[in-house]
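Novice: curious how this folds, go ahead:
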Amino acid sequence: MNRKLRKKIIAFSGLGITAVLIATFSISHFQSNISENFSDSYQNIVTQARQLTQSFQNEMGKWQSKQYDNITMIKITNTYLPRFQKLINNIESLQSTPKFENTKDFYAKSLESEMLSYTNFRNYLLSDNRSAYRQSIRLLSDSLNYETKSFNAFRNVT
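Specialist: Below you'll find the predicted structure:
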């Protein structure tokens, strides 16, 4: 092999190694940014969900204390359901790395269960169907269990 060819091979090998190192660093930096963005967005959605749940529970308290009748509570519930759906859409659309998939999936299931709980509660108010009321309670319990799983999954990877 002549000298010129050897120098070219060495030069191109050096460039190739540099390109691989830059690509590896860029991918690592990109994944780190995704993780940071996911963590911030996840915590923001959790805060929004807690506020929404607390607000709805306050409305339920007014219904329980007879400040609201069933029709008013049905209307109130109908205004909250799309707000829960928006949170579900937000958590499902979060860009994440594989390490956060359980966190994301469990939290989406938590919000879905909570929304279905309130849907069943509304159905109970409409029909006085006790099985809808019992299903509402079960779904709310499921929601809390999924939320706990989500928090544990998040804690395990951060």
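Novice: distance of the residue nearest the centre of the chain from Ile137?
Specialist: Within the chain, one residue has its C-alpha closest to the average C-alpha position: by CA atoms, centre = their mean, that is Ile91, at 3.3 Å. The gap separating Ile91 from Ile137 is 24 Å, by CB to CB, to the nearest Å. From N, CA and C alone the C-beta is placed, and that goes for glycine too.
Novice: same check, this time on Asp69
Specialist: Remark: distance between Asp69 and Ile137 (CB to CB) = 21 Å.
Novice: with Ala108 instead?
Specialist: Counting by CB to CB, the gap from Ala108 to Ile137 is 21 Å.
Novice: which of these two has more residues huddled nearby?
Specialist: Remark: of Ala108 and Ile137, Ala108 carries more neighbours, 20 against 13, as counted by other CB atoms under 10 Å.
Novice: what comes up buried for the helix or strand hosting that one?
Specialist: Following DSSP states H and E, the helix or strand that holds Ala108 is helix 101-127. Going by neighbour count (16 or more other CB atoms under 10 Å), the buried part of helix 101-127 is 102-125.
Novice: which element follows it toward the C-terminus?
Specialist: Once helix 101-127 ends, the next helix or strand along the chain (criterion: DSSP H and E) is helix 130-157.
Novice: who does the helix or strand hosting the residue nearest to the centre of the chain touch, helix- and strand-wise?
Specialist: Applying DSSP H and E as the criterion places Ile91 in helix 70-92. The criterion is 3 or more CB pairs under 8 Å, 6 or more residues apart in numbering; DSSP states H and E, and the helices and strands that helix 70-92 contacts are helix 3-64, helix 101-127.
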